[in-house]
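> how would this look folded up:
(2 chains)
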Amino acid sequence: MIDSNIVLTGQTVAYTLYVLVIMLLMSWFAYKLTHAGSGNEIKPALFYSFVGFLVLIGVSLHIVTHETIPWKAMDLNRENIKADKEFNISMGNHEFKLPSPKLLITKDQLVRFNVDSKDLTYGFGLFREDNSMVFQMQVIPGHVNDILWKFDRPAVYSIRSTEYSGPKGINMIVRDAVVVE
Amino acid sequence: MSFINTLTDGKEGLFKPDTLTPMQKLTLRFVVVGLIYYGFVVIEGMLMRLFEVNPSIALGIESKQFFAIMTAHPLVGIFGSTYSIVFGAFLFLVPFLMKKPLWSMKLGNATFWLLAIGTFVFWFAGFVSHYSPLYTLYWPLPADFSQFSVWGGAFFILGIALVMLGTAFFVINIFKTITYTPEGWEKQPGGALLKSALGLSGLTNIFSKKKKEHLVSLPVAAIARGTVDTAFNAAIILFTGVLILVYMVAELFGVSLKDSSVDALLYKNWFWWGLDLIADGLVLIFVAGTWYLLATLITGKKLFMENWARAALFVEMVVSWTVWSHHLMSDQAQPGILKILSGEMVTAFELITQGLAFFITLVTLWSARPLKFSHPLKFLLGGLLGFALAVPAGIMQADLGLNRILHNTQWIVGPHVHVAVLVGLTMTLYSAIYFLLPILTNGAKLYSEKLANFHFWAHLLGGIGMGAFMGMAGLRGMLRRTIYFNGEFNLYMILAALSGSLLLLAFLSFFYNIVMSVGLKGVIGIFVPSKLKTKDPLPAQN
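From the prediction side, this is the model:
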C-alpha cells in the first residue's frame, strides 16, 4: 500500500504549485487593473467555461483520490473485508488500555483496530518516529470505532490521541507501541 | 497640528461626533468594540504562538490556561469581533441601501450591548476558571466536571447565550427592515421583498425569458441570505448551551446526570450542522455579498452576471445546510453515504459557489480599469486572494482519503481556517472599513497613508506566512489542540510566530492610524448619545 507520506508529498507539491500560480495571477491582475488597457469587457462564455472548470475540479478530485489512495476505498468497504489481525483497544480516564504492551504485526498484514471509549471523545492515531502521522480516526463513546490498515514495511509506531479531551489528554501517548516486523 | 492635538482631536480636527446620526453612532460603536476584541484575539493568538514554540517562554502560561485561551480565541474572534463589525455594518447598510430607516434602533442597541457584554462574560469566565472544552464542545467534554469548574462553565455558557440573544435581535431587525412599511410610506410588498432578498427571483430569472426586476439590491440579498444561516446557527448554539446548562445546574444541586443519555455522535452531527452554518454558510455568503457591494461601489459599474450571483446565493443555502458532514469524515460510525454526499460532494460545491463570487467580483473590477490602487481596493484583492487560497485547502481536506492524514493537524487551522479568516474575511472587512470610514464619520481623513500601506502588507504577508508554516507543520504530523514539549516542530512554529508578530504589528499600526484619524475625543464622542433626531442613516447634508 502507498505510504501516507507519499500521498502527503503529492499533496504538498500540488498545493504549493497552486498557491504560486494563484498568487502570480492575483499580482498580475492587480497590476493590469491599475493600468489602462483594452479588453475591459469579458464575455459570458468565459464565465460559463470557468463554472465548468470548477465542476470538473470539484468532482474529479474525489474520483482521482478514490482510485489512487488505497485506504479510501478500503475504508468505505471495511465491514466486508476480513482482517489478518485484530486489536481491541479501550480508552478511558485519559489512558489507553492496550491488549498487550506491544502490538506486534507481521509485514503485509491487514490489521483492524477496534477502539472504544469509556467516557470522552478521543482520537486514535499512529505516528512514525519523526512524529509524522500514519493515520488517525476519532473515537466516539458509545459507538464502534474501527479502522483497517495494511502495513507493508517494517517500522515502529507510537499511538497518540488525536482529539482534544481536556488538558488531561495532552499526555495520551504510548511510545513505540506498534511494531511491524 | 501637533501630535497631542491630533491625538486628541483627530486629523485636522475633521471628525465631529456631534454631527453623527444615531445610526452612524451605533455602527461606529459596533466597529470600535469589534476592533478592541480583535486586539484581544491577536494578543491571545500571539501568546499561543509563543506557547507553541516553547511553553516556558509564554509569560508563565500553563497548559490549562493555554487551552482556555484556545477555547476563547475563536469565539471572541467570531462573536466579539467579526459579529460586532459585520452586524454593525449590516444594520447600517440595509437601511442605507434600501433608503428606509432601520426597523428598530432599540433592538440594534440591544444587539450591540448583548454582543459586547456576552463576549466579555464568556471570555472572563474562561480566563478566571480555565473552562476549556474548545469551541467544538464535543460531548461529554463540556459537562466533564472532573476537569472543569461548574461555575466557570455556567458563566461561560451564559456569555455565549447573551451573544446568541443579541444575534436573534439582529436577525429580526434585518428581516423586519427589509419587509416593513415605514410610517407614512405606501404599503410595501413584504412577501415579494423577502423572495427577492432570499435570491429566489434571481434563480427564476435565469430560467425565465421575461426577467423580473429585483426588488432588493444584491448586497441586501446577500445579507438576508446569510442572516438565515445566522438564525439557524444561533438556534443550535442556544439549544446546545441549554443542554449543557442543564447538566451544570444539576451538578450545582449535587446531582450528577448521566452523560451517556446524550448520544455523542448525534450531538456531534447536530452541533456541527449548526456550527458549520458560520464557517460554510454565513461567512461565505456575507463575504460574497460584501465583495459584490465593494466591487460596485469602487467601480461604479453594474455587477457582472448579476442573476447568476443571486442564484448562487440561493444555491449556497442548500449547500450550507447539507455540508456539515465534512467535519465527521474521521468518525468511523458516521454513515459512509453521508461522508461521500455531504462531506465530499456538497463541499465541492463550495468551490463552485465561492469560485463564482470570486470570478464575478474580479470581472466587475476589470470592467472599470484603470482603477486607483486605493486602500479599499487593495484590501479587497487581499480578501479575494485569501479565499482563493483557503477554499481549495478546505476542499482537499474534505476528501475521505486525505482527511485520514490531515484531520486535526495544523493543516486544518493553518492554510484553511486562519488563511480564510485572517486573509480572506478580515481583509474584506478592512476593505469595507477603509471604504466606509469617510461615510460613517462625515468626512474624517485617514491620519497616515503610509501606515495604511504598512497595515496592508504586514497583514497580508503575516496571514499567509502564518497559515503556510502551520500547514507545513501539519503535513509533517503536527496536531492542533495539543502541546509539544520537546520542540518537535520548532522551526515551523518559530516561523509561524514571526508571521504572527507581523499580524500584531499590522493591527497596532491600523489601530493607531484610526485613533489618530478620529482622535480620542472622537472615540469618546461615538459613545455619547446623538443629538440628532433623524432616523435616516446619514445626516441630511450628506
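
> from memory B:G525 sits against B:P17, does it?
Yes: B:G525 lies in contact with B:P17 (C-beta atoms under 8 Å); the separation is 2.7 Å. To be clear about C-beta, it is placed using only N, CA and C from the backbone, and glycine gets the same treatment.

> which one in chain B is furthest away from the centre?
Relative to the centre of chain B, the most outlying C-alpha is that of B:G254, 38.8 Å out, by C-alpha atoms, centre = their mean.

> quick one: pLDDT of it?
Predicted confidence (pLDDT) for B:G254: 94.

> what's the spacing between it and B:A154?
Going from B:G254 to B:A154 by C-beta to C-beta, to the nearest Å gives 15 Å.

> now A:Y18: closest residue in space, sequence neighbours ignored.
B:P392 (6.3 Å; C-beta to C-beta, 6 or more residues apart in numbering or on different chains).

> how much space separates B:A452 from B:F511?
12 Å.

> in the stretch 401-542 of chain B, what residue comes closest to chain A?
B:G401 (3.4 Å; C-beta to the nearest C-beta).

> dump the residue contacts of that residue.
A:7, A:65-66, A:68-69, A:71-72 (C-beta atoms under 8 Å, 6 or more residues apart in numbering or on different chains).

> where does it sit: helix, strand or coil?
helix (DSSP: H, G, I helix; E, B strand; the rest coil).

> per-residue pLDDT, it?
Residue-level pLDDT assigned to B:G401 equals 96.

> sec struct for the residue farthest from the centre of chain B, please.
coil.

> from chain A, how far off is it?
In this structure, B:G254 and chain A are 21 Å apart, going by C-beta to the nearest C-beta, to the nearest Å.

> burial of residue 127, as a residue count?
Picked chain A for this. 21 (other C-beta atoms under 10 Å in any protein chain shown).

> wrong chain, I was asking about chain B
For B:F127, using other C-beta under 10 Å, the count is 16.

> look at it and report its pLDDT.
95.

> could you do the one 4 residues further on as well?
The per-residue pLDDT reported for B:Y131 equals 97.

> mind checking the SS state of the residue most central in space within chain A?
Chain A has A:F135 as the residue nearest its centroid, 6.0 Å off, counting by C-alpha atoms, centre = their mean. Here A:F135 is strand, with the state taken from three-state DSSP.

> filter the contacts of B:G401 to the buried ones?
Those of the contacts of B:G401 that meet the buried threshold are A:7, A:65-66, A:69, A:71-72, by 16 or more other C-beta atoms under 10 Å in any protein chain shown.

> circling back to that earlier point, and chain B, which of the contacts of B:G401 contact it?
Restricting the contacts of B:G401 to those adjacent to chain B (criterion: C-beta under 8 Å from any C-beta of the partner chain) gives A:7, A:65-66, A:68-69, A:71-72.

> what's the closest of the residues you listed to B:K258?
A:W71 (36.3 Å; C-beta to C-beta).

> ok so A:P101 is a strand residue?
No: assessed with three-state DSSP, A:P101 is coil; it does not lie in a strand.

> how many neighbours does it have?
8.

> quick check: pLDDT value at it.
Reported pLDDT for A:P101: 96.

> tell me which of B:A452 and B:F511 has more neighbours.
More neighbours surround B:A452 than the other of B:A452 and B:F511, with 21 against 16 (other C-beta under 10 Å).

> please parse chain A into its domains.
Here the domain parsing of chain A from automatic domain parsing is A:4-68, A:83-180.

> looking at those domains, which is closest to B:P376?
domain A:4-68 (13.1 Å).

> A strand includes A:N114, no?
Yes: under three-state DSSP, A:N114 falls within a strand.

> didn't it look like it was pressed against A:M91?
No: in this structure A:N114 lies outside contact range of A:M91 using C-beta under 8 Å: 11.4 Å.

> and these two? Which one has more around it.
A:M91 (25 against 15).

> give me phi/psi at that one?
Torsion angles at A:M91 (phi, psi; degrees, to the nearest 10) stand at phi -130, psi 140.

> picking that back up, what's the helix or strand for the closest residue to the residue nearest to the centre of chain A other than its chain neighbours?
Closest residue to A:F135 apart from its sequence neighbours, by C-beta to C-beta, 6+ apart: B:R404 at 5.2 Å. Using DSSP states H and E, B:R404 maps to helix B:400-406.

> what is the very next helix or strand once past that helix packed up against?
Downstream of helix B:400-406, the first helix or strand assigned by DSSP H and E is helix B:410-411. On a contact count with 3 or more C-beta pairs under 8 Å, 6 or more residues apart in numbering or on different chains; DSSP states H and E, helix B:410-411 meets helix B:449-475.

> can you spell out which helices and strands pack onto the helix it packs on?
helix A:4-33, helix B:375-397, helix B:410-411, helix B:426-440, helix B:490-526.

> of all those, which lies closest to B:V287?
Here helix B:426-440 is closest among those (C-beta to C-beta), at 5.5 Å.

> chain center to that closest one, what's the gap?
14 Å (C-alpha atoms, centre = their mean, to the nearest Å).

> pLDDT of that helix, averaged?
96.

> tell me the buried residues in that helix?
B:426-437, B:439-440.

> near chain A at all, it?
No: judged by C-beta under 8 Å from any C-beta, helix B:426-440 and chain A are separated, with a smallest distance of 12.1 Å.

> for the helix or strand hosting A:W71, name the packing helices and strands.
Using DSSP H and E, A:W71 sits in helix A:70-76. The contact analysis (3+ C-beta pairs under 8 Å, 6+ apart) places helix A:70-76 against helix A:44-68, strand A:145-151, helix B:400-406.

> between these, which gets nearest to B:M70?
helix B:400-406 (19.3 Å).

> what residues are up against the nearest residue to B:Q332 once chain neighbours are set aside?
Distances taken as C-beta to C-beta, 6+ apart put A:N145 closest to B:Q332, at 4.9 Å, once the chain neighbours are dropped. A:N145 makes contact with A:114-117, A:124, A:137-139, B:331-333 under the criterion C-beta under 8 Å, 6+ apart.

> buried among these? Need that as a selection in PyMOL.
Here is the PyMOL command that selects the buried residues among the contacts of A:N145 (16+ other C-beta under 10 Å):
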select buried, (chain A and resi 115+116+117+124+137+138+139) or (chain B and resi 331+332+333)
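
> max pairwise distance over the contacts of A:N145: which two?
A:N114 and B:D331 (14.8 Å).

> check which helix or strand covers the residue nearest to B:S260 when sequence neighbours are not counted.
Among residues not flanking B:S260 along the chain, A:G142 sits closest, at 6.2 Å (C-beta to C-beta, 6+ apart). Using DSSP H and E, A:G142 falls within no helix or strand.

> and A:G142, what is it in contact with?
A:117, B:260, B:263-265.
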